[in-house]
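> Mind looking at a prediction? Sequence and model below.
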Amino acid sequence: MATAAPLVVRLLASSVSVASRAGKIVRDVMSKGELGIVEKGKDDYQTEADRSAQTCIISSLAAQYPKINIIGEEGSPEHEGEIPSDWLITEGDEEVLKLVCPGNLQGVKEEEVVVWVDPLDGTSEYTQGFLEHVTVLIGISVNETPVAGVIHQPYYKEGLGVGKKLGRNIWGLQGAGVGGFSLAPPPSSLIITTTRSHSNPVVEQALQVMNASQVLRVGGAGYKVLQLLEGKASVYVFASPGCKKWDTCAPEAVLAAAGGALTDVLGRRYKYGPAEPHPNKTGVLAAVNPELHKYALERIPQELKDALAKK
């Protein structure tokens, strides 16, 4: 892999390549039919795909960038036996390596970087067969701010023709734009995307005040943000503490690179430093442009914001 590119560009290029390999691991586990499901908590599951994909991602990135801080959803799960050599990815995506790095990111050092990894976002949907909702997320933050990210869809197959591989990578870099898809304008009417499996009365109240023409209930933070980027939804609303930093770092980075915004329900940006608590306690509010984000933020009643802030 070329070494002339600045660190952030090289790290994003590596993340795109390793996300593709992790996606194949996710598909391979499903194909074998032995998911190895472990219940970590109420409605919180882990599969062999989560564990193996994370081993692939962290092992590959740590070998190339030993001083960066990598935080994965599955902690440090031990892999039985030697890590397969084809899980260790050393090449970076050639298209990403050609990017012009923004000036403010050119001098970034490994010690300033935190990478947030969700090896399988949408595990519940994965176990239930809603495979289009599943994503692999790798978010890159510098000085607590998401600056680059990858959203990989292992089961993406739209327009799949002869010689084309299953899956796709959507990536974004602050100041350089996005790649892997065509950014679409928001729908003509207000469409909300929200949780499929983690609803509660507060979540429902936040949805009702939006006066949306339609509510899409889908799995995974990565997939919800893709709904925004592809013009299938206007706003992503989740007024609950259910999400974690590894769920939102990559989606926030990609969305911001596309001109959008992701904050908590109070309109505050999350910090992604190494010492930050993992839960996003005050929910998620995201939109593909500042106007829609402002509209949604103003619709949420102050009492609901106050209630969420106290949790």
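Yep, it's here. Numbering: from 1, shown residues only.
> low-confidence ranges in the stretch 1-150 of the chain?
1-3, 33-46, 75-81 (pLDDT under 70).
> In the longest helix along the chain, which residues are buried?
Determined from DSSP state H, the single longest helix within the chain is helix 7-32. By neighbour count on 16 or more other CB atoms under 10 Å, the buried set for helix 7-32 is 7-27, 29-30. The way it works is simple: take the backbone N, C-alpha and C, and place the C-beta from them, glycine included.
> Where do the helices of the chain begin and end?
7-32, 48-64, 94-97, 123-128, 201-208, 221-229, 245-257, 290-299, 302-309.
> which of these sits most buried?
helix 245-257 (a mean of 28; mean count of other CB atoms under 10 Å).
> Contacts only, for residue 49.
25, 26, 29, 30, 35, 119, 120, 126 (CB atoms under 8 Å, 6 or more residues apart in numbering).
> got the phi/psi numbers for the residue lying closest to residue 299 once chain neighbours are set aside?
Leaving aside its chain neighbours, residue 299 sits nearest to residue 209 (5.0 Å; criterion: CB to CB, 6 or more residues apart in numbering). Backbone torsions for residue 209, taken as degrees, to the nearest 10, come to phi -70, psi -10.
> Give me the distance between residue 209 and residue 311.
Distance from residue 209 to residue 311, counting by CB to CB, to the nearest Å: 19 Å.
> Then residue 6?
40 Å.
> Just confirm residue 127 contacts residue 47, I think it does.
Yes - applying CB atoms under 8 Å, one finds residue 127 in contact with residue 47, separated by 6.6 Å.
> where exactly do the strands run in the stretch 151-300 of the chain?
Assigned by DSSP state E, counting those that start in this stretch, the strands in the stretch 151-300 of the chain fall at 168-173, 177-179, 191-195, 214-218, 235-238, 261-263, 284-287.
> Sheet partners, orientation included, of the last one?
Strand pairing for strand 284-287, using DSSP bridges, gives strand 235-238 (antiparallel), strand 261-263 (antiparallel).
> Would you single out the least confident of those strands?
Among those, strand 235-238 carries the lowest mean pLDDT, a mean of 94.
> who's in contact with the nearest residue to residue 179 once chain neighbours are set aside?
Sequence neighbours aside, residue 171 is the residue nearest to residue 179 in space, at 5.3 Å (criterion: CB to CB, 6+ apart). For residue 171, the contact set (CB under 8 Å, 6+ apart) comprises 12, 15-16, 93, 96, 148-151, 178-180, 254.
> will you turn those into CSV that also has distance to residue 102?
CSV is the format used below for the contacts of residue 171 (distance: CB to CB, whole Å):
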residue, distance to residue 102
12, 12
15, 17
16, 18
93, 18
96, 14
148, 10
149, 15
150, 18
151, 20
178, 14
179, 15
180, 19
254, 15
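> Closest one of those to residue 112?
Closest approach to residue 112 among the contacts of residue 171 (CB to CB): residue 148, at 13.0 Å.
> ok, back up a step: hang on, isn't the residue nearest to residue 299 packed against residue 300?
Yes - contact status for residue 209 versus residue 300: in contact at 6.3 Å, counting by CB under 8 Å.
> Who has more neighbours out of these two?
residue 300 (21 against 15; other CB atoms under 10 Å).
> Hmm, residue 235 and the more buried one touching each other?
No - the criterion here is CB under 8 Å, and residue 300 misses it with residue 235 at 10.7 Å.
> Mutual contacts of these two, please.
With CB under 8 Å, 6+ apart as the test, residue 300 and residue 235 both reach residue 285.
> Of the strands paired with strand 284-287, flag the one that's most buried.
Of the strands paired with strand 284-287, strand 235-238 is the most buried (mean count of other CB under 10 Å), at a mean of 27.
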